[in-house]
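**Student:** below: sequence and its predicted model.
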Amino acid sequence: MDIQNTQSQMRKGVLEFCILSIIRQGEVYPSDLVDRMKAANLHILEGTLYPLLTRLKNAELLTYRWVESNSGPPRKYFVMTDKGLTFYGELERTWQELADAVQVLTQPAAPPASDNQTNLNQD
Amino acid sequence: MKKVININFQGRIIPIEDTAYDVLKQYVESLRRFFANEEGRDEIINDIEGRIAELFGETLKKGSTCITEDDVQRVIAGMGRPEDFEGEESNMQSQLGGEKSEENKGQHQYRPNAEPDASSSRGRLYRDKNDKILGGVCSGVAAYFRIDPTIVRLIFVLFTFSGGAGFLLYILFWIILPARPLDNVPSTKRLYRNPEEKVVAGVASGIATYFDIAIWIPRLIFAMPLVVGIISSLFRSAFWFDINPFPGFIFGSFGGTLFVVYAVLWAVIPEAKSASEKLEMRGEKVDLNTIKNTIQEDLEGFKVRAEKWGGEFSEKAKEFGSEFGSTVSQKSKQFSSEASHATKSGGGKVLNAIGILFKAFFLFIAGIIAFALLIALIAVMVASVGVFPLKSFLLEGFWQNFLAWSTLILFLFVPVVGIVIWLIRRIIGAKSGSRYLGFTFGGLV
């Protein structure tokens, strides 16, 4: 059993959820998205983000608009669609269930913790 | 001291060092390959390029005069290389509903969007949307049997020329089979034309690389019908002068066939242009390291290789040249010794080489027959219509006939001899190293 593989599997599972949750808060430029995830200590290669965003866009969960930039050509900012919002809702519910389940199973004796804060950093 | 070039990169003018540009180009190329089967490939590449351009713009704004190799490496490290994507990609893929088998993940080629059914097990027969010349029938069939699409294409072409069955079959398949983008990495080796060692278009050397045999073997096969045709036509015109006095007849049929076969191969077999294609041609694993190695090899090893080949060529040419002047039996001895020598050096693959020779002959024989007949027919028509009725009006008596025909023969044979010389010299690889050869041929002409 490869520990790294298992770790990255765990990480990957929530990656999409995290990306969508950032975009849900407002339109975002991909490299800012990477920075924000990095700040939360969740590392992703920029090169893997673009294909993921394109796929989410093709699945009509996201859309984008061109924003003029003061240096160079316009930049692509991603926004969530209504379809993406419902999709995100589903994911959020699943995550909540999962987080609760993990919480219960890993710390049987501990009192219910405030999970929302720690969720991101757990990964 | 490095050369700086200006590139238009996603709408920005970027001054970039020559070497850095190569690295960048290679990287984008590797991404393109990685996302080859991805639906929004161009969009992804554009986004990534745009971001890289933006990062370059920032570097330049900070006061750098141009983008260096270090800058490029730093940006690439931030973006990630395709081999770093591999694990992440496959997982994201499965999340978004794409299926991906474990078997696929173990493969070395990056095919993120692989259709597991098609590549890891024999699925249904499809037309391949990704790799097509007309309708993708051939590559679909090739993916089904997991062989090189080029071979299937060749078979179809041959059947087309020998009666049109291939064409009809192709149309039929085209109509019946559903189209689908397939991930076809059927074998590690693919048949390419080899641009590095070519005489006309690199067909022969490509075949040699594919079957791992010495280069002169397929070249000889290609040239053989021509040589044989010319020799036999010489004999015919010498012995059956009156019966079949038209040397163009034989020459036309054999030579024409040869050229057609070569031209067909030229059209069907793709040229190995990029580094990864060259690796595929030689059957090596394609990843970034080997690609880089190949490119470096191309640049650095070129001189060494050229010298090595040059030495071999001139040696061979000298051998051949000194032998050529003597008798035919000696010549054949020389050939056989050369053949055994070459096969030994090729790793003792005598059997393989013989098999290839036969295979090649059988493969081409159908086409050869069809075209020989066609061209022969044309030649006979031209000969009978054009020459015979007029001849009796124009030429009278034995001497006039004799002179006319010998003029005609000389007229036809001088270029023929020239072509033979050229061909042989190209096969043997002589540049102008051997003076004997030149003198011998000079004497002949």
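**Tutor:** Everything's here; your move. Nothing here was measured: the structure is a model prediction, and the numbers come from that model.

**Student:** could you say which helix or strand contains B:Val75?
**Tutor:** Using DSSP states H and E, the element containing B:Val75 is helix B:69-79.

**Student:** who does that helix touch, helix- and strand-wise?
**Tutor:** Here helix B:69-79 touches helix A:46-58, helix B:18-34, helix B:41-61, going by 3 or more Cβ pairs under 8 Å, 6 or more residues apart in numbering or on different chains; DSSP states H and E. Placement of C-beta: from N, CA and C, glycine included.

**Student:** deepest-packed of those, please.
**Tutor:** Of those, the one with the most neighbours on average (mean count of other Cβ atoms under 10 Å in any protein chain shown) is helix A:46-58, at a mean of 23.

**Student:** what's that one in contact with?
**Tutor:** By Cβ atoms under 8 Å, 6 or more residues apart in numbering or on different chains, the residues outside helix A:46-58 that reach it are A:15-16, A:19-20, A:30-31, A:33-34, A:62-64, A:78, A:84, B:31, B:35, B:38-40, B:43-44, B:47-48, B:51, B:78-82, B:84-85, B:88-89, B:92, B:96, B:112.

**Student:** so how far is that helix off the chain centroid?
**Tutor:** Centroid displacement of helix A:46-58 relative to its chain, using Cα atoms, centre = their mean, to the nearest Å, is 12 Å.

**Student:** contacts only, for A:Tyr88.
**Tutor:** Contact partners of A:Tyr88, counting by Cβ under 8 Å, 6+ apart, are A:Phe17, A:Leu20, A:Ser21, A:Arg24, A:Leu61, A:Met80.

**Student:** change it to 7 Å
**Tutor:** A:Leu20, A:Ser21, A:Arg24 (Cβ atoms under 7 Å, 6 or more residues apart in numbering or on different chains).

**Student:** how close does it get to A:Arg75?
**Tutor:** Separation of A:Tyr88 from A:Arg75 (Cβ to Cβ, to the nearest Å): 23 Å.

**Student:** pull the contacting residues for the residue in chain B that chain A sits nearest to.
**Tutor:** Residue nearest to chain A within chain B: B:Gly80 (3.2 Å; Cβ to the nearest Cβ). B:Gly80 makes contact with A:Leu45, A:Glu46, A:Gly47, A:Thr48, according to Cβ under 7 Å, 6+ apart.

**Student:** ok, and the closest non-adjacent residue to the residue of chain A found nearest chain B?
**Tutor:** As assessed by Cβ to the nearest Cβ, chain B sits closest to A:Leu45 within chain A, at 3.2 Å. Once flanking residues are discounted, A:Leu45 sits nearest to B:Gly80: 3.2 Å by Cβ to Cβ, 6 or more residues apart in numbering or on different chains.

**Student:** give me phi/psi at the one you found?
**Tutor:** Per-residue torsions, B:Gly80: phi 100, psi 140 (degrees, to the nearest 10).

**Student:** got it, and B:Ile14?
**Tutor:** phi -120, psi 120.

**Student:** over to B:Asn8?
**Tutor:** According to degrees, to the nearest 10, the main-chain angles of B:Asn8 amount to phi -90, psi 100.

**Student:** how many neighbouring residues does it have?
**Tutor:** Counted with other Cβ atoms under 10 Å in any protein chain shown, residues neighbouring B:Asn8 total 9.

**Student:** now do A:Ser69
**Tutor:** Look at A:Ser69: counted by other Cβ under 10 Å, it has 12 neighbours.

**Student:** equivalent analysis for A:Ile44, please.
**Tutor:** For A:Ile44, the count of nearby residues is 19 (other Cβ under 10 Å).

**Student:** ok, A:Val79 next?
**Tutor:** A:Val79 has 14 neighbours, counted by other Cβ under 10 Å.

**Student:** tell me which residues of the helix or strand harbouring it come out buried.
**Tutor:** A:Val79 belongs to strand A:75-80 when assigned by DSSP H and E. In terms of neighbour count (16 or more other Cβ atoms under 10 Å in any protein chain shown), strand A:75-80 has its buried residues at A:Arg75, A:Lys76, A:Tyr77, A:Phe78, A:Met80.

**Student:** contacts only, for the first one.
**Tutor:** In this case it means A:Arg75. A:Arg75 sits in contact with A:Tyr29, A:Val67, A:Ser69, where contact means Cβ under 7 Å, 6+ apart.

**Student:** excluding its backbone neighbours, what's nearest the last one?
**Tutor:** What that stands for is A:Ser69. The shortest distance from A:Ser69 to any non-neighbouring residue, by Cβ to Cβ, 6+ apart, is to A:Arg75 (5.0 Å).

**Student:** so where's chain A uncertain?
**Tutor:** Residues of chain A meeting the criterion pLDDT under 70: A:1, A:108-123.

**Student:** close to chain B: what parts of it are there?
**Tutor:** Proximity of chain A to chain B (Cβ under 7 Å from any Cβ of the partner chain) is limited to residues A:8-9, A:12, A:16, A:30-31, A:45-48, A:50-52, A:54-55, A:58-59, A:71-73, A:76.

**Student:** where exactly do the helices run in chain A?
**Tutor:** Along chain A, counting by DSSP state H, helices occupy A:3-24, A:30-39, A:46-58, A:82-106, A:115-122.

**Student:** for B:Ile13, which non-adjacent residue is spatially closest?
**Tutor:** Closest to B:Ile13 by Cβ to Cβ, 6+ apart is B:Asn6, at 5.8 Å.

**Student:** ditto for B:Ala53
**Tutor:** Nearest one to B:Ala53, counting by Cβ to Cβ, 6+ apart, is B:Gln10 at 4.1 Å.

**Student:** is A:Trp66 in a bridge, and if so with what?
**Tutor:** Note on A:Trp66: beta-bridge partners A:Lys76, judged by DSSP bridges.

**Student:** hang on, isn't it packed against A:Phe78?
**Tutor:** No: between A:Trp66 and A:Phe78 there is no contact under Cβ atoms under 7 Å: 11.3 Å.

**Student:** need the overlap of contacts for those two.
**Tutor:** Counting by Cβ under 7 Å, 6+ apart, no residue touches both A:Trp66 and A:Phe78.

**Student:** picking up where we left off before, where does the residue nearest to B:Ala53 land on pLDDT?
**Tutor:** What the model reports for B:Gln10 is a pLDDT of 86.

**Student:** state the phi and psi torsions of it.
**Tutor:** With angles defined as degrees, to the nearest 10, B:Gln10 sits at phi 50, psi 50.

**Student:** ok, now which ones touch it?
**Tutor:** By Cβ under 7 Å, 6+ apart, the contact set of B:Gln10 is A:Pro73, B:Glu49, B:Gly50, B:Ala53.

**Student:** what helix or strand is the residue nearest to B:Ile13 located in?
**Tutor:** Per DSSP H and E: B:Asn6 is located in strand B:4-9.

**Student:** list of residues touching that strand?
**Tutor:** B:Ile13, B:Ile14, B:Pro15, B:Ile16, B:Glu17, B:Asp18, B:Tyr21, B:Glu49, B:Ala53, B:Cys66.

**Student:** biggest separation within the residues you listed, which pair?
**Tutor:** Pairwise distances across those (Cβ to Cβ) peak at 19.0 Å, for the pair B:Asp18 and B:Glu49.
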